[in-house]
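1. structure here, sequence nowhere to be found:
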């Protein structure tokens, strides 16, 4: 049985820009995307050597507190834990930590997550991001649509 408790955010994004201002690293691109359902703006560093992605591509993005299908949060992750998990349905998975939540712009908020140096900023209506807290560890899961 699949739980919804660990799913913090989910939407489909279209890439509208890639490497704005020039490419900074050989294997990493910074993409900007816009979501279809919640009108969210995304800036995300992606390792394009293992997950090639281009302007115009659409992808499903999910943020989750756990990869467990039952929603249970685990403090230690082992490779075996990836079997029969949310990751099965996705092509690209990263694990990181929420380091900033900016709500200084009224009802529009920004969350910032670091995935081992690859950064993400997700901006939009606070109602869609209210379950994401600073200091929490979080999974990013992506698959092309």
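-> That came through, no problem. Predicted, not measured: the structure shown is a model, and the values here were computed from it.

2. now do the strands for the protein: every range, in order, please.
-> Ranges of strands within the chain are 7-18, 28-35, 41-47, 58-64, 92-105, 108-115, 118-125, 137-144, based on DSSP state E.

3. next, format those as CSV and append mean pLDDT and mean neighbour count.
-> C-beta coordinates here come from the backbone N, C-alpha and C atoms, glycine included. Shown next, in CSV, are those (pLDDT from 0 to 100; neighbours: other C-beta atoms under 10 Å):
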stretch, mean pLDDT, mean neighbour count
strand 7-18, 97, 18
strand 28-35, 98, 19
strand 41-47, 98, 20
strand 58-64, 97, 20
strand 92-105, 94, 14
strand 108-115, 97, 19
strand 118-125, 97, 19
strand 137-144, 96, 19
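
4. what residues are up against residue 84?
-> residue 69 (C-beta atoms under 8 Å, 6 or more residues apart in numbering).

5. same question, residue 97
-> Here residue 97 is in contact with 113-114, 135-138 (C-beta under 8 Å, 6+ apart).

6. quick revisit: just send the strands of the chain back as TSV, with distance to residue 86 too.
-> Output for those, formatted as TSV (distance: least, C-beta to C-beta, whole Å):
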stretch	distance to residue 86
strand 7-18	8
strand 28-35	19
strand 41-47	18
strand 58-64	6
strand 92-105	8
strand 108-115	16
strand 118-125	18
strand 137-144	6
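
7. go through the ones you listed and name the closest to residue 131.
-> Smallest distance to residue 131 across these (C-beta to C-beta): 4.9 Å, for strand 7-18.

8. strand partners of the closest one, parallel vs antiparallel please.
-> If you go by DSSP bridges, strand 7-18 pairs up with strand 28-35 (antiparallel), strand 58-64 (antiparallel).
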